[in-house]
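A.B. asks: Sequence and computational prediction follow.
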Amino acid sequence: MGAVLVMTDHDDHTSDLIVAAIARRGVQVVRLDPGAGPLWADVHLAPSGRWTGVVGDEHRAVRLEEVGSVLWRWPGRPAGHPAIADPAARAWAAREDDLGILGVIKTLPVRWVNHPDRVAAAGKPHQLTTAAACGLVVPPTLITTRGQAARSWAAGRDVLYKAFHAQGADEDAMVTAGRVDAAALPGELGAASLFQEIVPGVPVRLTVIGPRMFAVEITGSRHLDWRPEQDKLTFTPVDVPEQVERGVRRFLGAYGLEYGAFDFIRDPDGRWVFLEINPSGMYGFVELQSGLPITAAFADHLCESVDRTRP
Amino acid sequence: MFPTGARPYGLRHQVTLPPALSGPIPGITYDPALQQNVTVGNGLPLADQPALLRSYSVTWGTTNRDNKTDDGG
């Protein structure tokens, strides 16, 4: 059984749950955050073509050839060695660390949850085409920069706006999915904007880790977007329809993802309509509110010994 | 033409999150030896404090990170 390398920042408290669960299993776990301080590395390319050697921070290190899986969530960006006084030189060093050290880690032929390149491939527009190709139901969707186009498209429909990235322009703000008053749309939107037909029904969060699926229906939200009022919500475990499970498996396989937090709407006819997947999404709130053993499934999946030749 | 100085339409849907969703948990610090966050003073791991985790959804649902995908933190 190999070591588990966890790449994430110190504020990722969900990873605390996973680190604790792995440690309880007696498996070596090494948590590194390149944004918290410089990493060091001493690695060489073995004849097998695999990078071998040691990567670590000031507290611990891991031999890359002993790594069995990588949990890659939100590692901070390297900032360059703090002893480098010249900002330009430090920025240069940070970029070298990023490309060199993180670049080496990204080559590890082990189980990835999830490899950042696979995550980057799963942009929101791409997700919708992939979901449709995998047999999942997707809502009618428009992406435009023109308000007039959105007004025309929205005529006769109940429509929402949703940002491609939920983080707002301000630090403690998010851009929620919200119902659109088509008549109030400006002529030009100022950014690529996604509009979607509103699917009536119950939100479902489906958390998938390796072979395990955990689905909950979410009730109690007064708004289309439940995320800003999570303390008012109830999470009720539900079964995943077989057809949805097949589509989700195909979807994850298409990207090579081992983990995903999917959002669906279960419509009045019982159809699950795909909205999106968050490949690095949180899950702790689901576990704590529903009791579903998602952390244990994470730890099980990461601790499995896997031998692969390509990341 | 998009008016000079205007804000993108999408930001009309921006909401400010309450501190329990977006703010740090008071009295918590990262313990590099344990590789987890712990309560200052008694060193109790955050992972062993479900009530605290529930109180601050930054720990169980960090809303503004839920969609964080490819921007590396």
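C.D. replies: Ah, there it is. Residues are numbered from 1 along each chain as shown, chains lettered A, B, ... in the order given.

A.B. asks: low-confidence ranges in the stretch 151-300 of chain A?
C.D. replies: Within the stretch 151-300 of chain A, no stretch has pLDDT under 70.

A.B. asks: distance between the ends of stretch A:192-204?
C.D. replies: Taking CA to CA, to the nearest Å, stretch A:192-204 runs 27 Å from one end to the other.

A.B. asks: Give me the contact status of it with chain B.
C.D. replies: Yes. Stretch A:192-204 reaches chain B (CB under 8 Å from any CB of the partner chain) through A:Ser193. No exception for glycine: its C-beta is placed from N, CA and C like everyone else's.

A.B. asks: Name the nearest residue to B:Pro45, ignoring sequence neighbours.
C.D. replies: The shortest distance from B:Pro45 to any non-neighbouring residue, by CB to CB, 6 or more residues apart in numbering or on different chains, is to B:Gln36 (4.9 Å).

A.B. asks: Over to A:Pro203?
C.D. replies: With CB to CB, 6+ apart as the criterion, A:Pro203 has its nearest non-adjacent residue at 4.3 Å, and that residue is A:Ile218.

A.B. asks: Distance check, the one you found against A:Ala296.
C.D. replies: As judged by CB to CB, to the nearest Å, A:Ile218 and A:Ala296 stand 22 Å apart.

A.B. asks: where do the strands sit along chain B?
C.D. replies: Listed in chain order, the strands found in chain B under DSSP state E are B:14-16, B:28-31, B:36-39.

A.B. asks: what's the spacing between A:Ala177 and A:Ser193?
C.D. replies: In terms of CB to CB, A:Ala177 sits 12 Å off from A:Ser193.

A.B. asks: same deal with A:Ala94?
C.D. replies: A:Ala94 is 33 Å from A:Ser193, where distance means CB to CB.

A.B. asks: the more surrounded of the two?
C.D. replies: Comparing A:Ala94 with A:Ser193 by other CB atoms under 10 Å in any protein chain shown, the one with more neighbours is A:Ser193, at 24 against 19.

A.B. asks: before we move on, back to that, generate JSON lines for the strands of chain B, with mean pLDDT as supplementary columns.
C.D. replies: Below are those laid out as JSON lines (pLDDT from 0 to 100):
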{"stretch": "strand B:14-16", "mean pLDDT": "88"}
{"stretch": "strand B:28-31", "mean pLDDT": "94"}
{"stretch": "strand B:36-39", "mean pLDDT": "96"}
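
A.B. asks: Just say which of these is most tucked in.
C.D. replies: The highest mean neighbour count among the strands of chain B, using mean count of other CB atoms under 10 Å in any protein chain shown, belongs to strand B:36-39: a mean of 21.

A.B. asks: how far out from the middle of the chain is it?
C.D. replies: Relative to its chain's centre, strand B:36-39 lies at 15 Å (CA atoms, centre = their mean, to the nearest Å).

A.B. asks: Give me the helices and strands touching it, please.
C.D. replies: For strand B:36-39, the packing partners by 3 or more CB pairs under 8 Å, 6 or more residues apart in numbering or on different chains; DSSP states H and E come out as helix A:13-24, strand B:28-31.

A.B. asks: The last one vs chain A: in contact?
C.D. replies: Yes. Counting by CB under 8 Å from any CB, chain A is contacted by strand B:28-31 at B:Tyr30.

A.B. asks: what's next to that strand, contact-wise?
C.D. replies: The contact list for strand B:28-31 (CB atoms under 8 Å, 6 or more residues apart in numbering or on different chains) reads A:10, B:36-40, B:43, B:45-46.

A.B. asks: So what's the residue count around B:Met1?
C.D. replies: A total of 5 residues lie near B:Met1 under the criterion other CB under 10 Å.

A.B. asks: Mind listing the residues bridging to the closest residue to it other than its chain neighbours?
C.D. replies: Spatial nearest neighbour of B:Met1, excluding adjacent residues (CB to CB, 6+ apart): A:Glu188 at 6.6 Å. With DSSP bridges as the criterion, A:Glu188 is bridged to A:Arg146.

A.B. asks: same thing with A:Val30?
C.D. replies: Beta-bridge partners, per DSSP bridges, of A:Val30: A:Leu5.

A.B. asks: my read: it touches A:Leu5, true?
C.D. replies: Yes. Applying CB atoms under 8 Å, one finds A:Val30 in contact with A:Leu5, separated by 5.4 Å.

A.B. asks: joint contacts of the two?
C.D. replies: A:Val62.

A.B. asks: Comparing the two, which residue is more hemmed in?
C.D. replies: Between A:Val30 and A:Leu5, counted using other CB under 10 Å, the more crowded position is A:Leu5 (24 against 21).

A.B. asks: What pLDDT does the model give that one?
C.D. replies: Note on A:Leu5: pLDDT of 98.

A.B. asks: Check B:Lys68 too.
C.D. replies: The model reports B:Lys68 with a pLDDT of 40.

A.B. asks: circling back: if we only consider the contacts of strand B:28-31, which is nearest to A:Ile277?
C.D. replies: Nearest to A:Ile277 among the contacts of strand B:28-31, counting by CB to CB, is A:His10 at 25.7 Å.

A.B. asks: May I have the residues that are in contact with the closest one?
C.D. replies: By CB under 8 Å, 6+ apart, the residues touching A:His10 are A:33, A:36, B:30, B:37.

A.B. asks: How much space separates it from A:Ala173?
C.D. replies: A:His10 is 22 Å from A:Ala173, by CB to CB.

A.B. asks: do A:Arg157 as well
C.D. replies: A:Arg157 is 27 Å from A:Ala173, where distance means CB to CB.

A.B. asks: more neighbours, the two?
C.D. replies: Taking neighbours as other CB under 10 Å, A:Arg157 and A:Ala173 compare with A:Ala173 leading, 19 against 15.
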